[in-house]
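Participant: my questions concern the predicted model and sequence given below.
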Amino acid sequence: MTFPASCKLVRILLLALLLVPGLAHSDGASIAWLEAPSAESDVEDIRALPEAQWRTTPGDETLNFGFSDSSFWLRVEVPAQPFNRLLEIGYPLLDDVRVYWFVGDEEVERHVTGDRQVFDSRPIHHRNFVFLVPSNNETATAYIRVHSEGSVQIPVRVIASADFLAGEQLDFGWQALFLGIMIAMALYNLFVFVIVRHLAYLWYVLTVTASALVLLNFNGLVFQWLWPDLPVMNRYFTAPAISANIFFAAMFTLSFLAVRRYSPVSYRLLQMIVAISVGCFVYGLFGSYQTSVAIISVLAAIITPLTWILGLVVWFRGQVLAGFYVVAWTPLLLGHMVMAVSKIGLIPTNTLTEIAPQIGVALEVILLSFALAYRISLERQRRLEAQEHTLEVQRQANQNLEARVQARTEELEAAYEKLKAVSITDGLTQVANRRRFDEKLEIEWNRALRHGHPLGLVLLDIDHFKRVNDEFGHLAGDDCLVSVARVCAGEIQRSGDLLARYGGEEFCVLLPATPEAGAISVAERLRAAVAGTPVDVGEHVSPVNLSVSAGVAIMVPGPGMAPSDLVSRADEALYAAKAAGRNRVMVFRESGARAIADS
């Protein structure tokens, strides 16, 4: 994502935040409520109660009773207006919602719905509970009974149908934008995971997917889109989904930040979070719905800031990636914390608390795109500078060569030899490369063929090199390759011998006119030198102890033989050394590779 696209997305998010209508708006209606004196109380019992028992509430305030086993009644009096209006209850996770409409003293409509009823039980198909006001000419009164095992929030508003439709366009557009961001984020990181096979990306994809499902569930869209005819699924979704989200987020943090290496205490705390989330997931499937939702809400409110603090700790311990984690995840974690605290009932529920997690996730995507775009920009700038520097060096070299071509032939020849040396030298380790080895092998093979001398070859392979790259990074791996090359170069004593990087983490030593005992001695000396030289890969990491496996082959070239036969034999001996436990030297025999102690 580029900077202009990210800035445009920020403007869209800010516009959505400013224009999304409030969850509670009375439009002239008066709202009163009471806690039902008995679970068996019907609408006539409630209507017969004295007025003193009713408590009025401002039309712009959301009723939030937290987790309660009680039933609550609302009385919404809607005055006559010459246009159609709707009554909306803006919290879709209420188990049982019953609405009784009265015009005068006559009951004109009755609706029984909730997320424990099929979706078609709603008179207007909408993710929230929406009811048409039955009269425009007379005052209509709605008696609303609400009972829920989860958080009892009752955001009520009465709004003109035209205004509702206008606001719905923007609200649903926001939901579509949010879902699009989450899908794009999940697919992109899934694609990256398929390529790089790093578990951090998989955990991140699962975290994004779980976050999207949790937030869409709180907005009633999961029920509407996935199982409208199976309301029993709502009983087993909310708490397990939040538990899974916490589990995936904790696993992502462990993998992405390599927490164990930088902070053992943080590592153990995250392991505890993983274990707790698994327990909450199981309890959410088989335990009490109300208890599981209450527990997971409290845990989410605690775990959310805790993981952010752990990210800071790891950052201060030297993990550079933790800085990106803290900055990018701050709005996401704050959004989830606001939602969790509102579900407990500690803060009022309003538009901001409801969409805060979605805004947090969207801002996280934007912040990560900024970081990625900045990193790409830096790499591009460095690459251009390197190219310009190389072109400048080439231009100066060409000018010098053209000016001195007649008078300084010897300098040109020396420069040519230097360029040739560069072409046959490995850029990382500064030893001979594969091209130089192939040329030298052909020359020495023909010389040994003419004189009947033995030609020796030692193939070396660094043991468990992939583990070094995976644990410490490719820069540390490069340091190890340079160290091994330097140690081996120090052990090569004859000017005619050639040390070369054969490929990857493999090195080879070509030994002209060398009998088997001499080649074995060289191989064992190289093996011992590497094993006794730890490699420093970073300020906060202990030195890495390396070892190599070596395969030795000796041939006296003859008719019908080829240089590749010598390489094949050394490679077979190297494979045998690896199979025998690594950190050892094996010698090729026609009857099979042998360890040096057996040779």
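Facilitator: Nice, I can see it.

Participant: what about the helices in the stretch 401-550 of the chain?
Facilitator: Using DSSP state H, counting those that start in this stretch, the helices found in the stretch 401-550 of the chain span residues 409-423, 434-451, 465-472, 474-491, 516-531.

Participant: next, format the ones you listed as a markdown table and append mean neighbour count and distance to Leu93.
Facilitator: Heads up, the C-betas are built off the backbone N, CA and C, glycines and all. Shown next, in a markdown table, are those (neighbours: other C-beta atoms under 10 Å; distance: least, C-beta to C-beta, whole Å):
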| stretch | mean neighbour count | distance to Leu93 |
| --- | --- | --- |
| helix 409-423 | 11 | 69 |
| helix 434-451 | 16 | 65 |
| helix 465-472 | 16 | 43 |
| helix 474-491 | 17 | 48 |
| helix 516-531 | 19 | 63 |
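
Participant: of all these, which lies closest to Val361?
Facilitator: Val361 sits nearest to helix 465-472 of all the helices of the stretch 401-550 of the chain, at 29.7 Å, using C-beta to C-beta.

Participant: for the closest one, name the packing helices and strands.
Facilitator: helix 474-491 (3 or more C-beta pairs under 8 Å, 6 or more residues apart in numbering; DSSP states H and E).

Participant: look at Arg584 and report its pLDDT.
Facilitator: If you check Arg584, the pLDDT there is 93.

Participant: just checking, it touches Ala528?
Facilitator: No - if you go by C-beta atoms under 8 Å, Arg584 and Ala528 don't touch, sitting 11.0 Å apart.

Participant: any stretches of this structure with poor pLDDT?
Facilitator: 1-27, 59-60, 333, 336-337, 339-354, 365-380, 382, 405-417, 421, 591-599 (pLDDT under 70).

Participant: now the helices: where do they sit in the stretch 201-350 of the chain?
Facilitator: Under DSSP H, counting those that start in this stretch, the stretch 201-350 of the chain gives helices at 221-226, 232-235, 238-257, 259-262, 264-286, 289-316, 321-344.

Participant: ranking the ones you listed by burial, who's on top?
Facilitator: helix 238-257 (a mean of 24; mean count of other C-beta atoms under 10 Å).

Participant: ok, the residue positioned nearest the centre of the chain - contacts?
Facilitator: For the chain, the residue nearest the mean C-alpha position is Tyr204 (2.8 Å; C-alpha atoms, centre = their mean). Residues near Tyr204 by C-beta atoms under 8 Å, 6 or more residues apart in numbering: 189, 252, 256.

Participant: same list (those) but as JSON lines, adding distance to Ala485.
Facilitator: Listed next are the contacts of Tyr204 as JSON lines, based on distance: C-beta to C-beta, whole Å:
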{"residue": "Asn189", "distance to Ala485": "37"}
{"residue": "Phe252", "distance to Ala485": "37"}
{"residue": "Phe256", "distance to Ala485": "32"}
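
Participant: specify which member of those is nearest to Val293.
Facilitator: Using C-beta to C-beta, the contacts of Tyr204 come closest to Val293 at Phe252, 23.8 Å.

Participant: pretty sure that closest one sits against His198.
Facilitator: No - counting by C-beta under 8 Å, Phe252 sits too far from His198 to count as a contact (11.1 Å).

Participant: thinking again about what came up before, mind checking which of the helices of the stretch 201-350 of the chain is nearest Gly490?
Facilitator: It's helix 259-262; of the helices of the stretch 201-350 of the chain, that one is closest to Gly490 (C-beta to C-beta) at 31.5 Å.

Participant: which residue, neighbours along the chain excluded, lies closest to Tyr143?
Facilitator: Tyr100 (4.5 Å; C-beta to C-beta, 6 or more residues apart in numbering).

Participant: confirm that that neighbour sits in a strand.
Facilitator: Yes - applying DSSP: H, G, I helix; E, B strand; the rest coil, one finds Tyr100 inside a strand.

Participant: where's Ala528 relative to Val482, distance?
Facilitator: Going from Ala528 to Val482 by C-beta to C-beta, to the nearest Å gives 19 Å.

Participant: ditto for Ile492
Facilitator: 16 Å.

Participant: residues making contact with stretch 487-502?
Facilitator: By C-beta under 8 Å, 6+ apart, the list of residues contacting stretch 487-502 reads 426, 428-429, 431-434, 436-437, 440, 459-460, 481, 485, 507-514, 522, 525-526, 529-530, 533.

Participant: try 7 Å
Facilitator: Stretch 487-502 has contacts (C-beta atoms under 7 Å, 6 or more residues apart in numbering) with 426, 429, 431-434, 436-437, 440, 459, 485, 507-512, 525-526, 529-530, 533.

Participant: same question for stretch 243-257.
Facilitator: 199-200, 203-204, 206-207, 210-211, 214, 259, 270, 273-274, 277-278, 280-281, 284, 296, 300, 303, 307, 314, 319, 321-322, 325.

Participant: name the nearest residue to Phe102, ignoring sequence neighbours.
Facilitator: Distances taken as C-beta to C-beta, 6+ apart put Thr141 closest to Phe102, at 4.7 Å, once the chain neighbours are dropped.
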